[in-house]
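Peer 1: sequence first, predicted model second:
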Amino acid sequence: MNTNEIYMRRRNKVILSEGTGKVDLTYIATLMKNLENLGYTLSPALVERLYTLGETRLEKFYTSTVTVLKQMVGAHREFSPMYPNFPTQVMEASEAELYVNAIMHYLGDVFGMRIMPEYEKAERMPLADNIKLKVIDLGTEEDFLTIGRAIIGAKSSISETDKADMSWFVKKYKKDRNAIASLIPTEVTHKENLTYLTSLLLTEAPEMATEVIKLYNSATDVLRLATALSDGDVSLATNTKFKNFSRPQRKLMMAIIDGMKNATEDMLRYKNRWIRLGERIHPNEYKGRYDNAVKAFHDIRNNVKVTTFAGKVEEALASGDLTASLKLLKTRGGEMARRLDHLFRIANTRSQQNSVVTEFSKVAEKVATPVLLQVMAHFKHRNDENDLRVIFPKGNVAKAIALDNELPLLNEKVCEDLVSICETNLKTRFAELDSMGKVYIGEEIDNHLVPFSQRSASKALRTTVRGSRMKMPEGNTIRFFTWWKDIGGGYNGRVDIDLSAVMYDNDWKYKEHISYTNLRSTTYKAAHSGDITSAPNGACEFIDIDIDSFVEYGGRYVVMNVLSFTNQPFTDMPECFAGWMMRQKPKSGEIFDPKTVQDKFDITADTRITIPVILDLVEREVIWADVALKSNPNYHVNVEGNKKGIAIMGKALTSLKKPTLGELFALHVEARGERVETVEEADLVISMDGDITPFDAETIMADYL
C-alpha cells in the first residue's frame, strides 16, 4: 500500500510532484486511452503535471496507477466463463447441451478432474455503450492528510479497510512527530477507534500514546485496548484469545484501571473476559501500587456482589416503575435516549408520557450526535406501517436481524415533541461549528443513510451505508459477476462459489431465480454463464438480467447472492470478489469490461452466504445491502434452501427508516450556512460527484456527526 493507492481509492486523486523534463504528448494521449479502458480519465491539471515528468517517471506513474485501478474494478484477474460467448450462447443452447456440459463438469469433481466444455470464443463487436469516465485529479499532501485525520476522528465505528488505512498513516508518519500529532484530533469520541489507535501508537509511536490514553474514562476502554493488542474484535461482540502482554503493557492497563472510580461495576459487563484478561495481566503483582485495580480483579474473580447501575435500571423497567426508571436514567443522557421507547411503553397515561418528554428535553444536550439522530428518525417514523424491524448486531460480520414489528402505536404529539427536541439540540451544537457558506445539496443525497456503523462494511469500489439507494445509470441489462480462487491443498481446498439472482414482485412474492439450477429464464430475458465448481487458477460466473422484460411480467426486486456451496467461509479463501455492471448493448464488448463496472466488492466475511446488493427495477435503483445470511441447515448452501431468508432480508432492507444524509446536511445548513438552488451559487457542493459525496464516509463521520 502507498500514498496514491489510498488517495485514488478514496478520492480519485494522486500526489505528483512537478518534474523538470518534458514528455511527448503522444505518450500522455496513449496513457489516457489505456486508462479509459478501465473507466478513468485524467483532469487537465494532472495532464499538465504529467507533461513535466520525463519518460521514466511517466512510465512509473502509469504502471502504478494501472495496477491500482485494475485492482479497484476487478480487472487484475482473467475472466473465462464456462460459456465464452455468453449471453447468446446460453440463451440459444439446447437443454440437452446445457445438461450434458453440467453433468460432465460435476463428474470431474468426483474423479478429481476439471472437465470444462470446449468452445471457440467468437469475435465480439466493440463495446457500443456510452460510458461516463471517472476523473483522476491532482491532489495535495494536506488534502491527503485529511483522510487520515477523518478516519482517526470518526465518531462511528470504522471498517477493516479504514483500520488498515489508519495503520498505514500511523506507520508512515511515526517518525515525524508534528505530522503524526496533526493526525490525532483533540477528541476521539468513539471508543473502538480510540483503543485501536492506542494499540497502533503503543507499537509504532509510544510517546504519542500518552495523549490518547488521557481520553479513556472506563474500564471497558482497557478491555478494548487489550483486545486490539491481541488482534481481536474491539466491538467486543465476540470473544478474543488474549496474547501474553509485555510488562510495560500490563503496567499501563493496571494504571488506567486503577484511576477509574467504578472499575468493578464496569468490569462486570464482561466478567468472564476480565477474568481471562486477569490471567494475562497478573494483577496481584501490583499490590501496593494499583490497589484499586487489584481489588476490582479480586471482586469479579470471587463473585463479590456489586449493585450496578444497569441492574437497577433493568429492575425498575421490568417492574414498570416509571418514577424510579426516570430518576436513574436522567443521570445518564445517552442511556435514557436508548431506553426512551421502553419508557413510553410503561408510561400508562398521557401525563406520564409528558414527564418522559420533559426529562429527556433536560438531558438531550448531553446525548451524542449519532444517538440523537437515531432517536429523531425512530420517532419520526415510529407509527409508520411496517411489518419488520431491522437490527444490525455489533461485530465484524455484516449480519442483519429482521424482527416482527410488534411495537404499539404511540401518541403522535409525543413523537413530534421528541423529534423537535432532537432537531433543536442538533442545530444548537452544529451552530457552534465553522460557517459552511452557501451550500448546494443534491436530491439523491436523501437516498443515502447516515454512516453510524461501518465496522463490518466490505471493501468496495464505492461503499455506502446499508439500505442506501443509488440511481442506475443508462442501460437496460444488469450483469452480475463474481471471481474466486480455490484454497488449494487437494479436494478439501476446492472452492465452489455460486452466483445467484432471486426475483420477486412488488409484495416480495417469489417469481423466479437464476442460478446453477436454472441457467436461463423461459419468461424473462435472464441467463447464467454456467456453473463452475472449482477454481485452481481462478474462476468466474456471470448473470444477465434484462430490466424491461422482467418488469413487463410483474417483477420488481432482484436480490444478488454469492454463496459458498462447498461450505468454506469467504474469509478462508485467497480471493473472492463480486460486483455488477450496467450494459447498454450486452452483446458488444467483452463479457467483463471494466469500463462498465459500477461496483466491485471484496467478499471476506466469516460467512457462507452474502447479499451484496438488491435491485429495485421499477424505480431503477440499487439498494446497498452488504449483509450475510446464515445458511439453512436442512439444505445445501444454495438459493432453494434460503429463499425465505432472502425474501425477509430483502423486504427489511428495502423498508429501512433510518436518518438520511439529506436530513443531516439540512440540519447543518440551517444551523451554519445558506442553502442555494444551483451548483454555480454554492461554496460547497454535496452531491453524488460534489465536494462531499455519500461515499466519503470518513469525512461525514468525523466532521458532521
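Peer 2: Happy to help now that I have it. Every value quoted in this text rests on a predicted model; they were computed, and no experiment measured them.
Peer 1: what does stretch 696-705 rub up against?
Peer 2: Residues from elsewhere that reach stretch 696-705, judged by CB atoms under 8 Å, 6 or more residues apart in numbering: 10, 146-147, 149-156, 158, 162, 185, 369-370, 373, 450-452, 454, 457, 463-465, 661, 664-665, 668, 692. Quick note: C-beta positions are derived from backbone N, CA and C, even for glycine.
Peer 1: redo that, cut-off 7 Å
Peer 2: With contact meaning CB atoms under 7 Å, 6 or more residues apart in numbering, stretch 696-705 is reached by 147, 149-151, 153-156, 162, 369-370, 451, 454, 463, 664, 668, 692.
Peer 1: how many neighbours does Asp411 have?
Peer 2: Let me fix one detail, which is that residue 411 is Asn and not Asp. Counted with other CB atoms under 10 Å, the neighbours of Asn411 add up to 15.
Peer 1: check contacts around the residue nearest to it when sequence neighbours are not counted.
Peer 2: Of all residues not flanking Asn411 in the chain, Gln353 sits nearest, at 6.4 Å (CB to CB, 6 or more residues apart in numbering). Contacts for Gln353 (CB under 7 Å, 6+ apart) come out as Phe344, Ala347, Asn411, Val414.
Peer 1: can you rerun that using 6 Å?
Peer 2: Residues in contact with Gln353 (CB atoms under 6 Å, 6 or more residues apart in numbering) are Phe344, Ala347, Val414.
Peer 1: right, and the helix or strand after the helix or strand harbouring it?
Peer 2: For Gln353, the element it lies in under DSSP states H and E is helix 350-363. Counting by DSSP H and E, the next helix or strand C-terminal to helix 350-363 is helix 369-380.
Peer 1: contacts for that following helix next, please.
Peer 2: With contacts defined as CB under 6 Å, 6+ apart, helix 369-380 is touched by Gly334, Ala337, Cys415, Leu418, Val419, Cys422, Leu426, Phe452, Lys658, Pro659, Leu705.
Peer 1: now the two most distant members of these.
Peer 2: Pairwise distances across the contacts of helix 369-380 peak at 23.1 Å for Cys415 and Leu705 (criterion: CB to CB).
Peer 1: where in the stretch 501-650 of the chain is pLDDT low?
Peer 2: Residue ranges of the stretch 501-650 of the chain with pLDDT under 70: 630-645.
Peer 1: strands of the stretch 551-700 of the chain, residue ranges please.
Peer 2: 557-564, 576-583, 597-602, 609-616, 621-629, 673-675, 684-686 (DSSP state E, counting those that start in this stretch).
Peer 1: average pLDDT for whichever strand or helix holds Arg49, rounded please.
Peer 2: Secondary structure assigned from DSSP H and E places Arg49 in helix 44-50. For helix 44-50, the mean pLDDT works out to 95.
Peer 1: follow-up on the earlier one: what's the pLDDT at the residue nearest to Asn411?
Peer 2: Looking at Gln353, its pLDDT reads 92.
Peer 1: on that earlier part again, quick one: which of the strands of the stretch 551-700 of the chain is nearest Leu277?
Peer 2: Distance to Leu277, taken as CB to CB, is lowest for strand 621-629 among these, at 28.9 Å.
Peer 1: send me that closest one as CSV with only the CA atoms.
Peer 2: C-alpha atoms of strand 621-629 as CSV (Å, rounded to 0.1, in the frame of the first residue of the first chain):
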residue,chain,number,x,y,z
GLU,A,621,-32.4,1.9,-8.1
VAL,A,622,-29.7,-0.2,-6.5
ILE,A,623,-30.1,-0.8,-2.7
TRP,A,624,-26.8,-1.3,-0.9
ALA,A,625,-27.1,-4.5,1.2
ASP,A,626,-23.7,-5.9,2.1
VAL,A,627,-25.2,-8.4,4.5
ALA,A,628,-24.6,-12.0,5.3
LEU,A,629,-27.2,-14.8,5.8
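Peer 1: other SSEs contacting it?
Peer 2: On a contact count with 3 or more CB pairs under 6 Å, 6 or more residues apart in numbering; DSSP states H and E, strand 621-629 meets strand 469-471, strand 609-616.
Peer 1: all set, thanks.
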